[in-house]
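Enquirer: Fold the following for me, if possible:
(chains A and B)
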There are 2 protein chains.
Amino acid sequence: MARVDIKPTTVLHPHPVLLIGTYDQDGKPNVMTASWGGICCSDPPCVAVSVREATLTYHNLLSSQAFSVGIPSRKHVELADYVGMVSGRKHDKFQHTGATPIRSEKVNAPIVAELPFTLECKLVQHHRLGLHTIFIGEIVGIQADSDVLGPGGLPDIEKTQAILWGGMGNNHYFAIGEKLAGAFSVGKSLK
Amino acid sequence: MARVDIKPTTVLHPHPVLLIGTYDQDGKPNVMTASWGGICCSDPPCVAVSVREATLTYHNLLSSQAFSVGIPSRKHVELADYVGMVSGRKHDKFQHTGATPIRSEKVNAPIVAELPFTLECKLVQHHRLGLHTIFIGEIVGIQADSDVLGPGGLPDIEKTQAILWGGMGNNHYFAIGEKLAGAFSVGKSLK
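Expert: Predicted structure coming up:
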C-alpha cells in the first residue's frame, strides 16, 4: 500500500453522536449535538465533551455546573442533526422539535425524554484546548428506557440502535453494523 | 416506555477502538488499545486518550511527550483485542504479533504500519481524573494508506472499514453499518 502524509485535521473513526442537555441561568433547557466526546475515566465514571465558547451550551455548562449526555437512536437522526445546526440563543430547540425536556433528579440538567438512555453529569473539570474547551463530567446517574437494556442490565448497543458520525471524510450518519467478535476474547488467539 | 435509573457506569454508544503507540525511554515501541478517547478540539486539531497509571503507556506518554493514535480495520480486530489485554512490560507486542513499528517523522512515537491511518500527536496537556488520566495530544501529522482516502483526500470510514466497541452492555466489536443520512443536512427538514 502507498502511505501518504495528510495535513493534520480532526479525523478519527468513528465519532459518537452525543446530545448535550443544559439549563441556562433562567432554567430554560437547551440541547446541542457534540461528536467531540466520550467516556474518559472508569472510576469515578466520567464523560468528556468538547464545546466551543461561541455556543450557548458553553455558558450554560459553566453556570449550571451540570449537563446530560443523551444517546440518540437511528430514529432520532433528524433531531440530532438539527440541534447541532441551530443556536439555542435563537431557537427553543425543544419547542421547535417537540422533544420533551425532563428535569434530572440527580443534577441541574434536562434530559431529552425520547432518547434510549442519558448520562446525568456534574461538571468536575474543564480545560481550554483552543477553539474547544473540554468539559469533564462525573456520571452520577443514568436514565434508560427499560426496553434497551441487555441481560446485564445495561444499555445494549444492538437495542439502542445508536448512530455514529462518519466525520470529515464521509459526512454522514451511520448505523452500527454487524457483530464481529468478542472483546477481551478474540485476541486470545494471539497469546 | 418504562424509564429506569441505572447505577452510574461507563456506558456510551459507540466507543472507538484506538491503538496508542509510544516509545519507552530506551526507544522500545509499545502499543495498547484504548476506547476512552476521541477528537477533542478542532483548532488546533487535538485528540484525547485516557490511560491508567498502571500501564506502560502512561509512563511512556510522560517520558516521550508524544504518541500515535492508529485506527484499526476489521481485519485488525484480533490485533486490537490482543494489545489491549497484555502489558508491554511483559510482552514485546510488535514482535509477538508481527505488527510493524515505523518511527513517525513528526513526533517521537511509533506508528503501526499495517493500520489504515494514524494520527501523530505531541502531548500538550494531561489531567488526572481518577483511575484514568486524560492525555491531550495535538495532531501534528497524519499517515494514511492512500487506498482509504475519499474524494476530499481524507480517510473515508467506508474505506477504512473501521470498527467500534459495543462497550459494557454488549462486549463485542462491531463493524460500521449502513449509511443513514447526510450530516449538517438531514436536520434541515426540521428548520
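
Enquirer: Just the element for residue A:82, please.
Expert: helix A:77-83 (DSSP states H and E).

Enquirer: Does chain B have contacts with that helix?
Expert: Yes: counting by CB under 8 Å from any CB of the partner chain, chain B is contacted by helix A:77-83 at A:77-83. All C-beta spots, glycine's among them, are computed from the backbone N, C-alpha and C.

Enquirer: okay if I get those residues as JSON lines plus neighbour count and pLDDT?
Expert: Shown next, in JSON lines, are the residues of helix A:77-83 next to chain B (neighbours: other CB atoms under 10 Å in any protein chain shown; pLDDT from 0 to 100):
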{"residue": "A:77", "neighbour count": "22", "pLDDT": "98"}
{"residue": "A:78", "neighbour count": "18", "pLDDT": "97"}
{"residue": "A:79", "neighbour count": "25", "pLDDT": "97"}
{"residue": "A:80", "neighbour count": "29", "pLDDT": "98"}
{"residue": "A:81", "neighbour count": "25", "pLDDT": "97"}
{"residue": "A:82", "neighbour count": "23", "pLDDT": "96"}
{"residue": "A:83", "neighbour count": "28", "pLDDT": "95"}
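
Enquirer: Output the residues you listed in TSV, with distance to residue A:131 appended to each entry.
Expert: TSV is the format used below for the residues of helix A:77-83 next to chain B (distance: CB to CB, whole Å):
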residue	distance to residue A:131
A:77	26
A:78	27
A:79	25
A:80	21
A:81	21
A:82	22
A:83	20
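
Enquirer: and of those, the nearest to residue B:68?
Expert: For the residues of helix A:77-83 next to chain B, the residue nearest residue B:68 by CB to CB is residue A:80; the value is 30.7 Å.

Enquirer: Alpha carbons only: can I get the helix or strand of chain A with the lowest mean pLDDT in PDB?
Expert: When the helices and strands of chain A are scored by mean pLDDT, DSSP states H and E, helix A:93-97 comes last with a mean of 93. Output of helix A:93-97 as PDB, limited to C-alpha atoms (Å, rounded to 0.1, in the frame of the first residue of the first chain):
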ATOM      1  CA  LYS A  93     -35.000  23.600  20.200                       C
ATOM      2  CA  PHE A  94     -37.300  21.600  22.500                       C
ATOM      3  CA  GLN A  95     -40.400  23.600  21.500                       C
ATOM      4  CA  HIS A  96     -39.400  23.600  17.800                       C
ATOM      5  CA  THR A  97     -38.700  19.800  17.600                       C
END
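
Enquirer: Following element in sequence after that helix, please.
Expert: strand A:101-103.

Enquirer: The helix or strand just after that next one pairs with which strands, parallel or anti?
Expert: For strand A:101-103, the succeeding helix or strand toward the C-terminus, using DSSP H and E, is strand A:110-112. Using DSSP bridges, the strands paired with strand A:110-112 are strand A:101-103 (antiparallel).

Enquirer: So what's the gap between the partner strand and the chain middle?
Expert: 17 Å (CA atoms, centre = their mean, to the nearest Å).
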